[in-house]
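Chemist: with the sequence up front, the predicted model follows.
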Amino acid sequence: AQSVTQPDIHITVSEGASLELRCNYSYGATPYLFWYVQSPGQGLQLLLKYFSGDTLVQGIKGFEAEFKRSQSSFNLRKPSVHWSDAAEYFCIVDGGSQGNLIFGKGTKLSVKP
Amino acid sequence: NAGVTQTPKFQVLKTGQSMTLQCAQDMNHEYMSWYRQDPGMGLRLIHYSVGAGITDQGEVPNGYNVSRSTTEDFPLRLLSAAPSQTSVYFCASRLNLQGDTEAFFGQGTRLTVV
């Protein structure tokens, strides 16, 4: 069965520090992968997506993610975190049927001044 | 373009009461869905629709009904609310069923059942 694992429930980084959020997926074919961000009390906003081609994808707000097929990973990175990046981040794989999106359980990011 | 609009944003129900969560999109998307978000669980699919007149169950459908009479609207009905349905509910739409389409989410409805 398809699944998505985000091993870190909560991460705290200092403002200006680099960030990497981990995501591993289990999927039989080439996956369609997404990262979404949820700010407190808000809906989910798309950060970036991978469908095919270049394995390093750029997103909004300075985020990027790298698709590594050999490791079944799609880690999200940002070189310098801003206080406004504090939010919950979800890694998602398209389930391949019924348009279902399979969510990781999320990583909550806190940013220290 | 308003995107995906959900109402209400907050609701408190008593056990056994019924209510309808509204969802509307103005992007002419074929696919619409409802998720619930519980702490530490990510989002789980309740029901979905691939077009007007077509609905199907997701991962956690019990206690919920849906219908899709128009492309734009996809309401979620709780027939007899239970405390286990306390959650945050999100409506989402996608252009179609193809995997390379992003989902657009509403702002969420925070429901408390007492």
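Modeler: Arrived safely.
Chemist: give me the distance between the two termini of stretch B:22-34.
Modeler: End-to-end distance for stretch B:22-34, by CA to CA, to the nearest Å: 10 Å.
Chemist: quick one: is that stretch near chain A?
Modeler: Yes. Stretch B:22-34 is in contact with chain A by CB under 8 Å from any CB of the partner chain, via B:Tyr31, B:Ser33. Every residue, glycine included, has its C-beta placed from N, CA and C.
Chemist: contacts made by that stretch with the rest, please.
Modeler: When contacts are taken as CB atoms under 8 Å, 6 or more residues apart in numbering or on different chains, the neighbours of stretch B:22-34 outside the stretch itself are A:99-100, B:1-8, B:21, B:45-51, B:58, B:64, B:66, B:68, B:71-76, B:89-97, B:103-104, B:106.
Chemist: which one in chain B is furthest away from the centre?
Modeler: Relative to the average C-alpha location in chain B, and by CA atoms, centre = their mean, no residue lies farther out than B:Asp100, which sits at 21.4 Å.
Chemist: how much space separates the closest residue in space to it that isn't next to it in sequence from B:Ala2?
Modeler: Nearest residue to B:Asp100, sequence neighbours excluded (CB to CB, 6 or more residues apart in numbering or on different chains): A:Phe51, at 4.4 Å. Taking CB to CB, to the nearest Å as the criterion, A:Phe51 is separated from B:Ala2 by 27 Å.
Chemist: re earlier: check the secondary structure at the residue farthest from the centre of chain B for me.
Modeler: Counting by DSSP: H, G, I helix; E, B strand; the rest coil, the backbone at B:Asp100 sits in coil.
Chemist: show me the contacts for it.
Modeler: Contacts for B:Asp100 were tallied using CB under 8 Å, 6+ apart; they are A:Tyr32, A:Lys49, A:Phe51, A:Asp94.
Chemist: try B:Gln57
Modeler: Contact partners of B:Gln57, counting by CB under 8 Å, 6+ apart, are B:His47.
Chemist: pLDDT at it, what is it?
Modeler: pLDDT, B:Gln57: 94.
Chemist: follow-up on the earlier one: count of residues packed around the residue nearest to B:Asp100?
Modeler: Burial of A:Phe51, expressed as a neighbour count using other CB atoms under 10 Å in any protein chain shown, amounts to 16.
Chemist: strand partners (parallel or antiparallel) of the least confident helix or strand in chain A by mean pLDDT?
Modeler: Considering only helices and strands, the least confidently modelled element of chain A by mean pLDDT, DSSP states H and E is strand A:101-103, at a mean of 89. Partner strands for strand A:101-103, per DSSP bridges, with pairing direction: strand A:87-94 (antiparallel).
Chemist: which element is the residue nearest the centre of chain B on?
Modeler: By CA atoms, centre = their mean, chain B has its centre lying nearest to B:Trp34, at 2.7 Å. Taking DSSP states H and E as the definition, one finds B:Trp34 inside strand B:31-37.
Chemist: all set now, cheers.
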